[in-house]
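# Need coordinates for the following:
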Amino acid sequence: MDHIVKIISATYVNHNVKQFDVEKPKGFKFTPGQATDLSINQPEWKDKKNPFTFTCLNDDYFLQFTIKIYKDSEEGVTKHLDELKPGDELIISDAWGAIEYKGPGYFIAGGAGITPFLAILRELFIDGGIEGNTLFFSNNTEKDIILASELKRMLGENAHFTTTQSSGEGDHRRIDADFLKAEVKDFKKHFYVCGPDQMVKDITEVLESLGAQADSVVFEK
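Here you go, the predicted model:
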C-alpha cells in the first residue's frame with residue numbers, strides 16, 4: 001500500500017548526506033533495519049521508486065530517512081530530492097526488508113550502508129540494550145563518516161571507524177579477512193552487514209570462511 005507524505009524538514013548531517021523528516025501515516029509501523037520504496041510525488045518522478053531505510057524510532061511522530069545525495073548525477077532521484085522543500089510530497093510503500101536485530105554482535109557498514117543500523121542502534125540505546133554490540137564503519141575519508149559523534153556517544157569505544165583513502169592519524173585499513181581476524185573476538189555472534197553490493201558479498205564470504213554461521217550473518221538479500 002502506498003502513502004503520500006509531506007516533508008517536514010530536510011537538513012544536511014555531513015557534506016553529502018541529508019536527513020529528511022516526513023509525515024508518518026496513522027498506524028504506520030516498521031522493524032528497525034527495514035526500508036520502503038520511495039518516490040517523489042510529481043508526475044515525472046512518481047514512478048521512479050528507490051529503496052531507502054527508516055532511520056527514526058517507531059515511537060517518533062515522524063518518519064526519517066538519511067540519504068546520500070549524488071549531485072553530479074544527471075537524472076538522479078537523490079539530486080532531485082535535494083531540491084525539495086518542506087511541504088513537498090513523497091510517496092512511500094509499506095515497510096519491507098530482511099535486516100533486523102537478532103542479538104548482540106558486530107555491525108559492519110560501508111558508507112551509506114550505515115543507514116539500516118541507525119534505527120537499530122538508536123532503539124537499542126534508548127532501551128538500554130546496546131551493550132555487547134560493536135560497529136566497524138568504513139568510509140573513504142573522515143568527512144564522509146555519517147553521524148560519527150552520535151555513533152560514538154551510543155557505542156563508546158565499540159564504535160570503530162576506518163577511512164581507506166585518508167592518511168595520517170586513524171585507522172585506514174579495509175574491512176577484509178585480515179581486519180576481521182584481528183578485530184573480531186567471537187565468530188559465534190551475529191553479524192550485520194550493509195554497504196556496496198561487492199563489499200557485502202566479499203565480507204559475508206569471508207565471515208563464513210572464518211567460522212561464522214550462515215544463519216547468523218544478516219544482510220539485505
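# I'd say Thr31 and Trp96 touch.
No: Thr31 sits out of contact with Trp96 when judged by C-beta atoms under 8 Å, with a separation of 9.7 Å. For every residue, glycine as well, the C-beta is placed using N, CA and C.
# Have a look at those two and say which one is more surrounded.
Remark: of Thr31 and Trp96, Thr31 carries more neighbours, 17 against 13, as counted by other C-beta atoms under 10 Å.
# And the more buried one, how far from Lys181?
32 Å (C-beta to C-beta, to the nearest Å).
# Wait, Asp47 touches Ser39, no?
Yes: Asp47 is within contact range of Ser39, at 6.7 Å (criterion: C-beta under 8 Å).
# hmm, who's touching the strand or helix carrying Ile108?
Ile108 belongs to strand 105-110 when assigned by DSSP states H and E. Applying C-beta atoms under 8 Å, 6 or more residues apart in numbering, the external contacts of strand 105-110 come out as 117, 120-121, 132-139, 175, 184, 189-196, 199, 203, 216.
# Quick one: distance of that strand to the chain centre.
A distance of 10 Å separates the C-alpha centroid of strand 105-110 from that of its chain, computed with C-alpha atoms, centre = their mean, to the nearest Å.
# next one: stretch 114-131
Centre to centre, stretch against its chain (C-alpha atoms, centre = their mean), the figure for stretch 114-131 is 11 Å.
# One more: stretch 195-204?
With C-alpha atoms, centre = their mean, you get 14 Å for stretch 195-204.
# Ok, stretch 152-163 next?
15 Å.
# Tell me where the protein is predicted with low confidence.
74-75, 221 (pLDDT under 70).
# Helices of that one, residue ranges please.
Using DSSP state H, the helices of the chain run over residues 77-83, 115-127, 148-155, 177-183, 197-209.
# Domain-wise, how is the protein divided?
Taking automatic domain parsing as the reference, the chain has its domains at 3-92, 105-218.
# Point to the residue nearest the middle of this protein.
The residue lying closest to the centre of the chain (C-alpha atoms, centre = their mean) is Thr115, at 1.3 Å.
# which non-adjacent residue is nearest Thr11?
Leaving out its chain neighbours, the residue that sits closest to Thr11 by C-beta to C-beta, 6 or more residues apart in numbering is Gln19, at 5.5 Å.
# same thing with Leu124?
Ile130 is the one closest to Leu124 (C-beta to C-beta, 6+ apart), at 4.1 Å.
# With Ile120 as the reference, measure out to the one you found.
On the measure of C-beta to C-beta, Ile130 and Ile120 end up 10 Å apart.
# Between those two, point out the one with more neighbours.
Ile120 (21 against 18).
# wait, what's in contact with the more buried one?
With C-beta under 8 Å, 6+ apart, Ile120 has these contacts: 32-33, 99-101, 107, 192.
# Brilliant, that's me finished.
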